[in-house]
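*Asks:* Turn this into a model:
(one chain, ligands or ions: 2)
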Amino acid sequence: MRLGVLTSGGDAPGMNAAIRAVVRQADALGHEVYGIYRGYQGLLESDWAPLATRSCANILQRGGTILRTARCPELHHPERRAEAAAKLRKVGIEALVVIGGDGSFRAAEALHREHGIACAGIPGTIDNDLPGTDRTLGFDTALNTAVEAIDRIRDTASSHGRLFLVEVMGRSSGMLAVHTAIACGAEAVLYPESPNDTYESLVSQLHANWIRGKRSSIVVVAEGDGVGNAVGVGERLKRDYGLDLRVVVLGHVQRGGSPSALDRIWGSRWGSEAVRRLVAGERAFYLGEVGGVLAVQPMARILDPHPVPPKDLGALVSVLAR
Ligand SMILES: Nc1ncnc2c1ncn2[C@@H]1O[C@H](COP(=O)(O)OP(=O)(O)O)[C@@H](O)[C@H]1O
Ligand SMILES: O=P(O)(O)OC[C@H]1O[C@](O)(COP(=O)(O)O)[C@@H](O)[C@@H]1O
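*Replies:* Ligands and ions are numbered 1, 2, ... in the order given. Below is the predicted model:
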């Protein structure tokens, strides 16, 4: 059997572990893998090549993706998906392993529903916002990167008695922000799924801490937060209260770097499992981890609402900051 593998959407540490496992598990079972470069964009352009098992040497510990990645707005059009399916059939790729996030899986779901392409999904996004899995590749690494960066910022915050607003990634998900805030002992967190967050509530939290004698604070702000991004909130606080605050946008620093052990392990397990299920005839599923155990979800489950950060974690941030 000829399988295809692609990485799509944002890159995430652990994607290379998954690619390596796909290639080597297929090789062990006597199947062939084509690597498709630049996600669905490369698929539309027939940008692919066979991946030999030795071509995956020394990639397990590398961030990013050796297959490169892209966002491909064209795939939202049904005619382009029909073209993609025809290209796969022409080259003899019978099943596709898609490593990516929610959007990448939605594309796979459509390719299967509309054209019968067998698809396996491996969660790969630092956002950790997929239904049916507690974990996505890259989240653990990105979380640890953000925490390490904020620990350094904390030194200056306390030495100078300053407020820092630190922006972490998450265009529509607060998972990374909330977990980062707990792990670095932030004074407050702002994230998109928390409708009760307001500028006024942030000010009163910071003020209450000041009254308690706290002279420095770190506020973690998710990129897609509704109150405004870190720069916007910072400008407003400066204007209203004349605070000598600083804003740090961690940005893509969080997306790169060598994957954590957990991201390598899950990338390896999911890559192997995806191949074993596809060659056994399964057609449309994605893998995950639920309660520490490997889980399998029907691909259509990706259409469910995305998970939101547990409410108690958001509330815990301010309790622990007292
Ligand atoms: N609803 C959709 N229908 C078809 N293709 C989609 C859909 N959503 C996303 N895609 C494809 O998947 C790619 C990656 O999606 P994106 O949301 O950017 O990243 P991620 O997979 O990390 O969530 C898009 O560039 C597009 O090619
Ligand atoms: O690198 P880009 O294209 O600016 O994307 C930034 C976005 O990518 C992410 O890191 C991951 O998002 P996806 O998983 O949807 O690709 C988001 O947190 C962030 O908003």
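*Asks:* for this protein, what spans make up the helices?
*Replies:* Counting by DSSP state H, residue ranges of the helices within the chain are 15-28, 39-44, 78-91, 102-115, 139-160, 175-183, 199-211, 230-241, 261-279, 311-320.
*Asks:* Show me the shaky parts of the stretch 51-200 of the chain.
*Replies:* Within the stretch 51-200 of the chain, no stretch has pLDDT under 70.
*Asks:* That one against ligand 1: which residues are in contact?
*Replies:* Selection of the stretch 51-200 of the chain residues close to ligand 1 by C-beta under 6 Å from any ligand atom yields 71-73, 75-76, 100-104, 106-107, 110, 125. All C-beta spots, glycine's among them, are computed from the backbone N, C-alpha and C.
*Asks:* that older thread, and Glu289, which of the helices of the chain is closest to it?
*Replies:* In terms of C-beta to C-beta, the element of the helices of the chain nearest to Glu289 is helix 261-279, at 6.3 Å.
*Asks:* Contacts made by that closest one with the rest, please.
*Replies:* Helix 261-279 is contacted from outside by 1, 3, 12-22, 24-26, 29, 31, 60-61, 95, 97, 118, 120-124, 135, 137-141, 259, 285, 287, 289, 294, 296, using C-beta atoms under 8 Å, 6 or more residues apart in numbering.
*Asks:* Tell me what angle that helix forms with helix 139-160.
*Replies:* Between the axes of helix 261-279 and helix 139-160, defined by axes from the mean of the first three to the mean of the last three C-alpha atoms, to 10 degrees, the angle is 160 degrees.
*Asks:* got the CA positions of helix 261-279 in CSV?
*Replies:* As requested, C-alpha coordinates have been extracted for helix 261-279 and formatted as CSV (Å, rounded to 0.1, in the frame of the first residue of the first chain):
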residue,chain,number,x,y,z
ALA,A,261,10.1,13.9,25.8
LEU,A,262,6.3,13.7,26.0
ASP,A,263,5.9,15.3,22.5
ARG,A,264,8.4,12.8,21.1
ILE,A,265,6.7,9.8,22.7
TRP,A,266,3.2,10.8,21.6
GLY,A,267,4.4,11.7,18.1
SER,A,268,6.0,8.2,17.9
ARG,A,269,3.0,6.4,19.3
TRP,A,270,0.5,8.2,17.1
GLY,A,271,2.6,7.8,13.9
SER,A,272,2.8,4.1,14.4
GLU,A,273,-0.8,3.7,15.4
ALA,A,274,-2.0,5.7,12.4
VAL,A,275,-0.2,3.4,9.9
ARG,A,276,-1.3,0.2,11.6
ARG,A,277,-5.0,1.3,11.5
LEU,A,278,-4.9,2.5,7.9
VAL,A,279,-3.3,-0.7,6.6
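*Asks:* Could you list the buried residues of that helix?
*Replies:* Burial within helix 261-279, assessed by neighbour count using 16 or more other C-beta atoms under 10 Å, is assigned to 262-264, 266-275, 277-279.
*Asks:* on that earlier part again, are any of the contacts of helix 261-279 buried, and if so which?
*Replies:* A residue is treated as buried here by neighbour count (16+ other C-beta under 10 Å); on that basis the buried members of these are 1, 3, 12-22, 24-26, 31, 60, 95, 97, 118, 120-124, 135, 137-141, 259, 285, 287, 289, 296.
*Asks:* Quick check: Leu294 vs ligand 1, distance?
*Replies:* When C-beta to the nearest ligand atom, to the nearest Å is applied, the distance between Leu294 and ligand 1 equals 21 Å.
*Asks:* list the contacts for that residue?
*Replies:* With contact taken as C-beta under 8 Å, 6+ apart, Leu294 is in contact with 269-270, 273, 287-288.
*Asks:* All good on my end, thank you.
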